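Colleague: Next input, structure requested:
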Amino acid sequence: MGEPETRPSLMIRLRDPQDQEAWTRFVAIYEPLVLRLLRQRGLQEADARDVAQQVIVAVTQAVDSWEPDGEAASFRRWLFTIARNLSLRFVQRGKLARRGVGGTDMLKLLQSLPEPEHHTIAAFDNEYRNEIFHWAAARARGEFQDHTWQAFWRTCVLQEPIADVAAELGMTMGNMYVARSRIIARLRRLVEDCEAEDDA
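Modeller: Next up is the predicted model:
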């Protein structure tokens, strides 16, 4: 399925503060992604949530000035940079030191991290794709009967043997493959539509 040609980019839509669907999608996909990044950088849960909120506020303030740079995942690299800079600023303000969770050592660690154009942005991008899959799965789940969804989830995600799952669900092997194919096609459409917007 090709990318829709006339659909506005999610990032362009974010410039309209009245577009609640765009902001809801942005927060649903990117907030967990940023939270994982911050936790990986050593921030405690409350601190990570605090900084994640700052990242979202920063995006709302700066999205009007963001311009794609012509390379893949330009928005995610921009977002990664915001998250990294805000986590550094958070540590520099001394909050972690006062809470006894790293202080100067944590600051040195964060400052020593490679810049976004290196392998860290690739890891961030992999996290994004994982988040997109879970977002799409949550959207698609209600569109299918429970046994159809189980046929897909247990064999494709949990990697259980197809024959075993088919026997437990009382499905033929043919029905199993049809169920998996229908859900995979639906997930692919959701992911492609979302990425067509995000990668603009």
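Colleague: Could I get the buried residue list for the helix or strand that contains residue 77?
Modeller: When elements are assigned from DSSP states H and E, residue 77 belongs to helix 74-92. For helix 74-92, a neighbour-count test (16 or more other Cβ atoms under 10 Å) marks 74-80, 82-84, 86-87, 90-91 as buried. No exception for glycine: its C-beta is placed from N, CA and C like everyone else's.
Colleague: and residue 154, how many neighbours does it have?
Modeller: Residue 154: 20 surrounding residues under other Cβ atoms under 10 Å.
Colleague: what's it in contact with, if anything?
Modeller: Going by Cβ atoms under 8 Å, 6 or more residues apart in numbering, residue 154 touches 160, 165.
Colleague: per-residue pLDDT, it?
Modeller: Residue 154 is assigned 94 on the pLDDT scale.
Colleague: Distance-wise, check it relative to residue 148.
Modeller: Counting by Cβ to Cβ, to the nearest Å, the separation of residue 154 from residue 148 is 11 Å.
Colleague: Then residue 12?
Modeller: 36 Å.
Colleague: Of the two, which one has the most company?
Modeller: Neighbour totals were compared for residue 12 and residue 148, and residue 148 leads with 19 against 16 (other Cβ under 10 Å).
Colleague: which one is the more buried one nearest to, not counting chain neighbours?
Modeller: residue 179 (4.4 Å; Cβ to Cβ, 6 or more residues apart in numbering).
Colleague: ok, longest helix in the chain?
Modeller: In the chain, with assignment by DSSP state H, the single longest helix is helix 173-198.
Colleague: returning to what we had before: go ahead and confirm the residue nearest to residue 148 touches residue 169.
Modeller: No - counting by Cβ atoms under 8 Å, residue 169 is not a contact partner of residue 179; they are 9.0 Å apart.
Colleague: okay, the two: which has more neighbours?
Modeller: residue 179 (22 against 17).
Colleague: who touches the more buried one in this structure?
Modeller: 144, 147, 148, 151, 152, 171.
Colleague: buried subset of those residues?
Modeller: Buried members of the contacts of residue 179, counted by 16+ other Cβ under 10 Å: 144, 148, 151, 152, 171.
Colleague: The first one: what secondary structure?
Modeller: Right, residue 144. Classification of residue 144 using DSSP: H, G, I helix; E, B strand; the rest coil returns coil.
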